[in-house]
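Peer 1: sequence below, structure please.
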Amino acid sequence: MDVTAPVCVVGAGQSGILAAAQLRGLGYERIDILEAGPEPGGYCRTAEVDGEIYDFQAHLIIQQDFGADMSGTAIDELVRRHPVELQPEALYFVSRTDSGKPGFAVPPHFLPLLTTLTAEQSVDQLVEAWNIIERAVRAKHGPGLSGLNFDRVPGETWETWRARHAPLVGEVLQGIALYANMRRPRQPVETIININAHISGHVSQLAKMLLSLHSGRRAELLARMPASLVAQIGSRRPVTLSFRRGFISFLRRIVDDNRLEIQVNSRVTAIEPVGPRQVRVTWQRSGAEHSAIYSHVVVTVRPTQIREIFPRGDIHDLFAEQNCPRTWTRSYLIKAPEDIVTFPTTAPDPLGFWLMDPHGSLTDTDPGRSLHRITAANKQHPGPYWVCFSNSDLSVTADEAWALAKESLFLFHNPELITEAIAEWPVYPSASAIRSGWFDRVAKVQGRHDIYFTGEVLSGPTAECISTFAREVIPGWFGPGAARTPSPDRGE
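Peer 2: Got it, this is the predicted structure:
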């Protein structure tokens, strides 16, 4: 690869910035990053209130691996290379008590099940779930093009997978998906759990709960658990870390440290191969049309924009709505007059990441129930402000959506809406697309005409998934030992 040749990266979200940083690390000198929006960050949105930055969508680094720390993970490598101010956060499950008031609780859908199991059965089934996920991670089945392959039958749905496993195994993995707030109705099992979700500490928290319920048998029950689960139970690291000055500040640090430049308000409208190692990129900025020739182009934007850039042909068909359906999320910054529950703190004081009403928030049988209701609330800074999330669509107005979402804000009396944002949620290929070999078809077009595709639709939406994907594929495509991809333009 000629590192002096110009390369274009389309999109300045996390995928685009990390792809460009990898290219810089490989020695590429001329890298243009074209971003349609007014600032980097992709679908991440921010609001500033009382001098504090609040992130909508992305802001968390979740536990990335088993054991005492996050060493060896891509996101840990990035944070060490580009240090920014982080803060710990803690995870609490909150649900309504019998009196109707909120309180700390085991996720409510676990309670009926746990009453039917002995201590040994509960631990053994929890260990089975842990082993399934750990094997998938250790075998490098995630993150990647196929998600996590946890002992599934090809083409199997989440419901049939759950039906053939012990009940607590299915509930554990379902709970992880709810925690990650990425579940989509009728998604195939392989798309809903990724390398970030299970490492959130969900399984080890349930193990701690079982140990506390049967404190007199702690040693006996610990002996039934694998060493990796015992290690995570004993880990003192925070469940999550977040960026005190916002997620976009982290991306800007990566941009600055790698001497990258981003052309904002530059919406790419066409990408056309014109010859060997020659790709014309056309974009609009300030009402004028611009174009340039690049040796390679890396496309990191969402399928919606890919369809606009490639208005016809197999690329358009690959990322068509039927294969990559759009989904949406609404985020709200609210001001709470008071917190109804007092959250426990430790030194240093963690902030909070709390799941609210997880049972029923997302469902396979009634997709409408997943819309416009708050599924999680997060306090990113001390004070009265909270960021809340809801799965959504465009079928109702902003006022109607807030009125519906407010009904599930049972943690707060009379929450005041400060600001809100709606964004296209991290997209997944549809179940039918995956089962018909969508990922294989994408792999076949990578590098054709010197055009490559990354982004959340391929890597998964979380920080570790995106950063790992960039760390693996960019050197493979552009590094010294990169395989030369045949191109029809070169007659190969």
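Peer 1: pop the domain breakdown of the protein in here.
Peer 2: Per the record, the chain has its domains at 7-43+247-324+428-490, 45-91+327-424, 117-234, by automatic domain parsing.
Peer 1: those: lowest mean pLDDT?
Peer 2: Mean pLDDT per stretch puts domain 117-234 lowest among those, at a mean of 69.
Peer 1: just the terminal-to-terminal distance for that one.
Peer 2: Its start and end residues considered, domain 117-234 measures 25 Å (CA to CA, to the nearest Å).
Peer 1: longest single helix anywhere in this structure?
Peer 2: Secondary structure of the chain per DSSP state H: the longest helix is helix 119-138.
Peer 1: and that one, what's buried?
Peer 2: If you call a residue buried by 16 or more other CB atoms under 10 Å, then helix 119-138 has these buried ones: 119, 122-127, 129-134, 136-137. From N, CA and C alone the C-beta is placed, and that goes for glycine too.
Peer 1: hey, C-alpha coordinates of that helix in CSV?
Peer 2: Extracted C-alpha coordinates of helix 119-138, given in CSV (Å, rounded to 0.1, in the frame of the first residue of the first chain):
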residue,chain,number,x,y,z
ALA,A,119,-29.5,-22.8,45.4
GLU,A,120,-27.5,-25.5,43.5
GLN,A,121,-29.8,-25.3,40.5
SER,A,122,-29.6,-21.5,40.4
VAL,A,123,-25.8,-21.4,40.6
ASP,A,124,-25.4,-24.2,38.1
GLN,A,125,-27.7,-22.5,35.5
LEU,A,126,-25.9,-19.2,36.1
VAL,A,127,-22.6,-20.9,35.5
GLU,A,128,-24.0,-22.5,32.3
ALA,A,129,-24.9,-19.0,31.0
TRP,A,130,-21.5,-17.7,32.0
ASN,A,131,-19.7,-20.5,30.2
ILE,A,132,-21.7,-20.1,27.0
ILE,A,133,-20.8,-16.4,26.8
GLU,A,134,-17.2,-16.9,27.9
ARG,A,135,-16.6,-19.6,25.2
ALA,A,136,-18.0,-17.3,22.6
VAL,A,137,-15.7,-14.4,23.6
ARG,A,138,-12.6,-16.6,24.0
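Peer 1: so how far is it from its chain's centroid?
Peer 2: For helix 119-138, the separation from the chain centroid amounts to 23 Å (computed by CA atoms, centre = their mean, to the nearest Å).
Peer 1: and whatever helix or strand residue 281 lives in, what does it pack onto?
Peer 2: If you go by DSSP states H and E, residue 281 is part of strand 278-285. Secondary-structure packing of strand 278-285 (3 or more CB pairs under 8 Å, 6 or more residues apart in numbering; DSSP states H and E): strand 7-10, strand 267-275, strand 288-294, strand 296-299.
Peer 1: what angle sits between the longest one and strand 288-294?
Peer 2: What separates the directions of strand 267-275 and strand 288-294 is an angle of 40 degrees, with axes from the mean of the first three to the mean of the last three CA atoms, to 10 degrees.
Peer 1: okay, now the closest residue to residue 233 other than its chain neighbours: neighbour count?
Peer 2: With sequence-adjacent residues excluded and distances taken as CB to CB, 6 or more residues apart in numbering, residue 233 is closest to residue 204, at 4.9 Å. Neighbourhood size, residue 204 [other CB atoms under 10 Å]: 24.
Peer 1: how big is the angle separating the helix or strand encompassing residue 204 from helix 119-138?
Peer 2: Assigned by DSSP H and E, residue 204 belongs to helix 202-213. Taking the same axes, to 10 degrees, one finds helix 202-213 and helix 119-138 inclined to each other by 160 degrees.
Peer 1: what helices or strands is the helix or strand following helix 202-213 leaning on?
Peer 2: Counting by DSSP H and E, the next helix or strand C-terminal to helix 202-213 is helix 218-222. In terms of contacts (3+ CB pairs under 8 Å, 6+ apart), helix 218-222 is packed against helix 119-138, helix 202-213.
Peer 1: buried residues, helix 218-222. List them.
Peer 2: In helix 218-222, counting by 16+ other CB under 10 Å, buried: residue 221.
Peer 1: again with stretch 47-62
Peer 2: By 16+ other CB under 10 Å, the buried positions in stretch 47-62 come out as 47, 53-62.
Peer 1: TSV for those residues, including secondary structure and distance to residue 272?
Peer 2: What follows is those, written out as TSV (DSSP: H, G, I helix; E, B strand; the rest coil; distance: CB to CB, whole Å):
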residue	secondary structure	distance to residue 272
47	strand	38
53	strand	39
54	strand	40
55	strand	36
56	strand	35
57	coil	32
58	coil	32
59	coil	37
60	strand	39
61	strand	39
62	strand	40
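Peer 1: next, format the residues you listed as TSV and append distance to residue 439.
Peer 2: Listed next are the buried residues of stretch 47-62 as TSV, based on distance: CB to CB, whole Å:
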residue	distance to residue 439
47	36
53	36
54	35
55	30
56	29
57	24
58	24
59	28
60	26
61	26
62	24
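Peer 1: relative to residue 15, which of those residues is nearest.
Peer 2: Comparing the buried residues of stretch 47-62 against residue 15 with CB to CB places residue 58 closest, at 11.5 Å.
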